[in-house]
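>>> Sequence first, then the predicted structure, then my questions.
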Amino acid sequence: MSSRSRYPFYLALLLLISAGISLAVWRHVELGIPWLTGEQRPVWMVEARIDFDALDEPVLASLNIPESPPGFRILTEQAASPGYGFSIINESGNRRGEWSIRNANGQQTLYFKAQLVPDDTATTRKPKRPPRPASVFWEEPQATAVRETLQQAALRSSTPESMTRELIKLMQSADPDQNTTLLLSESNYIELLTRMLNHANIPARIADGLKLEDARRRQLLKPFLQIFDGEKWLTFHPQTGRQGLPDDVVLWRQNASSLIDVLGGNNSQVSFSILKQTVPALQLAQAESDANSLGLFSLYQLPIEEQSMFRMLLLLPLGALVVAFMRIVIGVRTSGTFMPVLIAVAFVQTTLVPGLIAFISVVSIGLLMRGYLSSLNLLLVSRISALIILVIFITTGLSIVGYQMGFNTGMTVTFFPMVILAWTIERVSILWEEEGAREVVVQGAGSLFVAICAYLVMSAPLSGHLTFNFPELHLVILGVILLLGQYTGYKLTELRRFHPMKVYEG
């Protein structure tokens, strides 16, 4: 192949490897499947408790619940309220959980639980229509105080964000003027900020946030200020003016006029309990993929039996890569091209030491019997068929003996591919006759060495995790194997031939 004609080949390899890596990265980002085994993710369990007194009549209780809080994803939601019907109502982006019962009397307690997963990419959905500032009416002397205070803030700002910060600074000043003193003396502070910003033609609202602390009970929501900058809602701390939401705060209520409404009851109140859990990242990714269409691209959708089969099958390309590298680059001679891979698969199921003992025992006994079959001058097909039957008898005998002696490893011998063992015995016997005992030892040791190397790679927990959860990485393995196929240089085992030249030059 000329150098010019190799360009399409190398381009195809580049595309193949790039596609494998890109698909794996996409699966990691979209499905959240971790790269490493044992990775843990925090999950916050938040429980809202509603207490009220029923008035011996039909009850309809409604609680605002979060839809897409910034910085978090909702994993699961459930209600626990015996005797009540429950449903989630979504009206104009305002999600509410509704409990209903035909008749109730006395003290009532309702529960709503949600699992929240931290996610830096989660943001509040952009409203379909830009919100308009709410209409505000002021009476004197508040109207004059509001106008003058907003004028001071406007002189120091140029954007809705800076206007909000400057207004909060004026309202929280250590030496307030007469205007701010008048306004703060007669109004709720955060409601006052919201009304003033709406009066300044900046859409503003109050959002309630919950501070996440592990093992906390009877927690209440804290108010935050939100403004619309023309594209999205921005959150501010109403006392400090700091823009942005702390990482440990989840916005429970954003676009709702009330937190809770109760018809048929009074003295209602809401409190929150919080518990932090740690779950495996892979388990979390599986649960999330089941809830969306992206889960269709996962092997976890298959039955458990087929999953077990694919877990083993998807390890074979790794073994093939090890064999290709050992034979092409290192130059290890083996008995058969990819027989070490099949032996390595058997080692994965039997573990290394019992597998080695069983393999050497079966092959040794099989060679003795093969010697007797040679004296009968049988045809090749008959000889191989007889060897397969003899190998089955040998493995059965070893299993029975191992079981009677109390070794469970004796039972794992049956996992070895019988046909491969029979062919191994046949090839070793022919090699002995044609090349001698030394070549048998060289190729046999090479086969076992490569099989052990492939076993160590295939049995690594990270290998099983990546090959099963990111099957597109096999495109990368395919590209590397094709690239190895272009190697025409010296093998490492051939370099010893040049050792005398090095000694001579010295």
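Perfect, I can see it now. Remember, it's a predicted structure, so these values are computed and weren't measured experimentally. Residues are numbered from 1 along each chain as shown.
>>> Could you export the helix or strand hosting Val323 as CSV, CA atoms only?
Using DSSP states H and E, Val323 sits within helix 316-325. What follows is helix 316-325, C-alpha atoms only, in CSV (Å, rounded to 0.1, in the frame of the first residue of the first chain):
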residue,chain,number,x,y,z
LEU,A,316,-13.5,-10.2,24.1
PRO,A,317,-12.3,-7.1,22.1
LEU,A,318,-10.0,-6.3,25.0
GLY,A,319,-8.5,-9.8,24.9
ALA,A,320,-8.2,-9.5,21.1
LEU,A,321,-6.3,-6.2,21.5
VAL,A,322,-3.9,-7.8,24.0
VAL,A,323,-3.2,-10.8,21.7
ALA,A,324,-2.7,-8.5,18.7
PHE,A,325,-0.2,-6.3,20.7
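>>> could you give the mean pLDDT of the next helix or strand after that helix?
Later in the chain than helix 316-325, the nearest helix or strand by DSSP H and E is helix 339-350. What helix 339-350 shows for mean pLDDT is 80.
>>> again, but for stretch 218-229
87.
>>> how long is that stretch from one end to the other?
End-to-end span of stretch 218-229 (C-alpha to C-alpha, to the nearest Å): 34 Å.
>>> Let me see the domain layout of this structure.
Segmentation of the chain into domains, based on automatic domain parsing, reads 40-121+205-298, 133-202, 308-471.
>>> got a markdown table for those, with distance to Gly20 too?
For the C-beta atoms, the positions are set from N, CA and C on the backbone; glycine is no exception. Formatted as a markdown table, the domains of the chain follow (distance: least, C-beta to C-beta, whole Å):
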| stretch | distance to Gly20 |
| --- | --- |
| domain 40-121+205-298 | 14 |
| domain 133-202 | 44 |
| domain 308-471 | 9 |
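>>> returning to that earlier point: can you name every helix or strand that the helix holding Val323 contacts?
helix 339-350, helix 437-458, helix 461-469, helix 473-484 (3 or more C-beta pairs under 8 Å, 6 or more residues apart in numbering; DSSP states H and E).
>>> what's in contact with it?
Outside of helix 316-325, the residues within contact range by C-beta atoms under 8 Å, 6 or more residues apart in numbering are 334, 337-338, 340-341, 344-345, 450, 453-454, 457-458, 463, 467, 474, 477-478, 480-481, 484-485.
>>> ok, of these, which come out buried?
The neighbour-count test (16 or more other C-beta atoms under 10 Å) marks 334, 338, 340-341, 344-345, 450, 453-454, 457-458, 463, 467, 474, 477-478, 480-481 as buried among the contacts of helix 316-325.
>>> quick one: low-confidence ranges for the stretch 151-300 of the chain?
186, 256, 283-298, 300 (pLDDT under 70).
>>> Strands of that one, residue ranges please.
204-211, 216-219, 222-228, 233-236, 249-253, 260-263, 265-280 (DSSP state E, counting those that start in this stretch).
>>> Could you identify which of these is most buried?
Scoring the strands of the stretch 151-300 of the chain by mean neighbour count under mean count of other C-beta atoms under 10 Å gives strand 249-253 as the most buried, with a mean of 23.
>>> Alpha carbons only: can I get that one in PDB?
Coordinates of each C-alpha in strand 249-253 appear next as PDB, following Å, rounded to 0.1, in the frame of the first residue of the first chain:
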ATOM      1  CA  VAL A 249     -30.000  26.300  48.700                       C
ATOM      2  CA  VAL A 250     -32.800  24.900  46.500                       C
ATOM      3  CA  LEU A 251     -35.600  27.200  45.300                       C
ATOM      4  CA  TRP A 252     -38.800  25.500  46.400                       C
ATOM      5  CA  ARG A 253     -41.200  28.200  45.200                       C
END
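>>> Each with direction, which strands does it pair with?
In the sheet, strand 249-253 lines up against strand 204-211 (antiparallel) (DSSP bridges).
>>> So for the strand or helix carrying Ser385, mean pLDDT?
In the assignment (DSSP H and E), Ser385 maps to helix 380-404. Mean per-residue pLDDT for helix 380-404: 76.
>>> And that helix, what's buried?
383-384, 386-388, 390-391, 394-395, 398-399, 402.
>>> For Asn255, state which of the residues you listed is nearest.
Ser399 (67.8 Å; C-beta to C-beta).
>>> Can you get me the start-to-end distance on stretch 340-358?
Start-to-end, stretch 340-358 (C-alpha to C-alpha) is 15 Å.
>>> for stretch 455-463, same thing?
OK, stretch 455-463 end separation, C-alpha to C-alpha: 11 Å.
>>> got it, and stretch 450-470?
Stretch 450-470: ends 25 Å apart by C-alpha to C-alpha.
>>> Now it: average pLDDT?
Mean predicted lDDT for stretch 450-470 stands at 88.
>>> what do you get for stretch 484-495?
74.
>>> before we move on, back to that, to Leu492, which of the domains of the chain lies closest?
Nearest of those (C-beta to C-beta): domain 308-471, 5.1 Å.
>>> Pull the number of nearby residues for Gln152.
16 (other C-beta atoms under 10 Å).
>>> Fine by me, we can end here.
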